[in-house]
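Undergrad: Structure for the following, please:
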Amino acid sequence: MRSSRSRESDHEVVEGAHHVKKITKLFAGLGAAALAFTIAACSSTGGAQGGDEGDDAVAPGTESGLTIALVTHSAPGDTFWDIVRRGAEDAAAIYGVNLLYGNDPDGAQQAQLVQQYVDQGVDGIAVSLAKPEAMSSSVEQAVSADIPVVSVNSGADAWQDLGVLAHFGQDELVAGEAVGDRLAQEGRTHPVCVIHEQGNVGHEARCQGITNKVPGTELLYVQGSDMTQVESTVTAKLQSTPDADVIVGLGAPFALTIAQVAEGLGSEIDVVSFDLNGDVAGAVSDGGISFAVDQQPYLQGYLAVESLVLHHDGGFVVGGGQAVLTGPAMVDETNIDDVLAYAEAGKR
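TA: Predicted coordinates:
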């Protein structure tokens, strides 16, 4: 299935969905939350940080008055993290939290951001652990300082060892295997899995999951910070590998670029996307992308902030020591109409 357009969206959680369903019953009023909360992002070098006061919106009860930091490995322009951040903003607005935000794709710089928030004495930290070895020292410093820490998105195999309270995300190996199962059922024998961030344990796990189900899977490494290089590398690969029958992008902007490259070459190869945004949802609807894997990043940001508030107010630990799975959910032509509007609105 090929086309030129792009967008994104997500649907039905496969494994662990029962965790999210139980938790999300607590959020009946979530959709009505005002988006009147603003946060300031760090520079991509991690040398600066910022945050703005939230408004006075609160959940049932009193305003928390807490300051919580969200620190991710987001690279500039990655729309996935806009959705995570929006979920965190909405929870912060509801609970009266002052939310600080910092991001850097470099593990050492991201760790430095965490340390800066520890030094500020924030009340809680939510952090992605794409590069756990680089992050371990700063996270352990936070825990030693009695600052509660939860992880989001990345770190499913590392969070417990670091003393983190809870993890919100999808099991990337399980997600990869779900994609691999689907590709195997479709008769695929030579997928190409495009990794745009070397050293990211989540990316490696996704491709490993596909390989577990389709042994002929080939890995292609690109420099995610340079989309021109991504285009040229994918172009060369498609031209030199005519027997490749599907190509998998591990992020919405990259899947969209891959789809555009394939169309420009007149290739009939199918494109699959991990993660959603409005453009990927549109591409699924138009046939330019076969299907997308949605890990529901909005929930990751929302639950991270809410869980830290609940821990402060009652010592609660969401998940009972187990990761709270927000995905994977498969979005294709059978369910795209259910999620397209939410994706276009930046919530899916």
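
Undergrad: CA atoms for contacts and neighbours, from now on please.
TA: Noted.

Undergrad: ok, now which ones touch residue 220?
TA: 192, 193, 194, 195 (Cα atoms under 8 Å, 6 or more residues apart in numbering).

Undergrad: Just to be sure, which of those are found in strands?
TA: Per DSSP state E, strands hold the following members of these: 192, 193, 194, 195.

Undergrad: Out of those, flag the one nearest to residue 102.
TA: residue 195 (23.6 Å; Cα to Cα).

Undergrad: wait, doesn't that closest one sit right on residue 230?
TA: No: Residue 195 lies out of contact with residue 230 (Cα atoms under 8 Å); the separation is 10.1 Å.

Undergrad: Any buried residues in stretch 183-193, and which?
TA: 183, 184, 188, 189, 190, 191, 192, 193 (16 or more other Cα atoms under 10 Å).

Undergrad: Roughly how far does the second one sit from residue 275?
TA: Here the distance between residue 184 and residue 275 works out to 20 Å (Cα to Cα, to the nearest Å).

Undergrad: about what we covered before: biggest separation within the ones in strands among the contacts of residue 220, which pair?
TA: 192 and 195 (9.6 Å).

Undergrad: Need the overlap of contacts for these two.
TA: 219, 220.

Undergrad: Okay, helices next: where are they in the stretch 201-348 of the chain?
TA: Using DSSP state H, counting those that start in this stretch, the helices of the stretch 201-348 of the chain run over residues 201-213, 227-240, 252-265, 278-286, 297-314, 336-344.

Undergrad: Could you dump the ones you listed into CSV and include mean neighbour count?
TA: As requested, the helices of the stretch 201-348 of the chain are arranged in CSV below (neighbours: other Cα atoms under 10 Å):
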stretch, mean neighbour count
helix 201-213, 22
helix 227-240, 15
helix 252-265, 22
helix 278-286, 27
helix 297-314, 23
helix 336-344, 19
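
Undergrad: Just send those back as TSV, with mean pLDDT and distance to residue 101 too.
TA: Shown next, in TSV, are those (pLDDT from 0 to 100; distance: least, Cα to Cα, whole Å):
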stretch	mean pLDDT	distance to residue 101
helix 201-213	97	22
helix 227-240	98	25
helix 252-265	97	22
helix 278-286	97	23
helix 297-314	98	11
helix 336-344	95	23
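
Undergrad: nearest to residue 137, of the ones you listed?
TA: For residue 137, the closest of those is helix 201-213, at 17.5 Å, according to Cα to Cα.

Undergrad: Need the residues that contact the closest one.
TA: Residues outside helix 201-213 that contact it (Cα under 8 Å, 6+ apart) are 130-131, 154-155, 172-181, 184, 193, 195, 197, 217, 219, 250.

Undergrad: Pass me the low-pLDDT residue ranges in this structure, would you?
TA: The chain contains residues with pLDDT under 70 at 1-62.

Undergrad: what about the spatially closest residue to residue 153 that is not a sequence neighbour, neighbour count?
TA: In space, residue 153 comes closest to residue 169 once its chain neighbours are excluded; the distance is 4.4 Å by Cα to Cα, 6 or more residues apart in numbering. For residue 169, the count of nearby residues is 26 (other Cα atoms under 10 Å).

Undergrad: residue contacts, residue 169?
TA: Residue 169 makes contact with 152, 153, 154, 156, 295, 297, 300, 323, 324, 325, 326, 327, according to Cα under 8 Å, 6+ apart.

Undergrad: cool, and residue 238?
TA: Shown in contact with residue 238 (Cα under 8 Å, 6+ apart): 244, 262.

Undergrad: what does residue 85 give?
TA: Shown in contact with residue 85 (Cα under 8 Å, 6+ apart): 298, 301.

Undergrad: Try it again at 6 Å.
TA: For residue 85, the contacting residues are residue 301, by Cα atoms under 6 Å, 6 or more residues apart in numbering.
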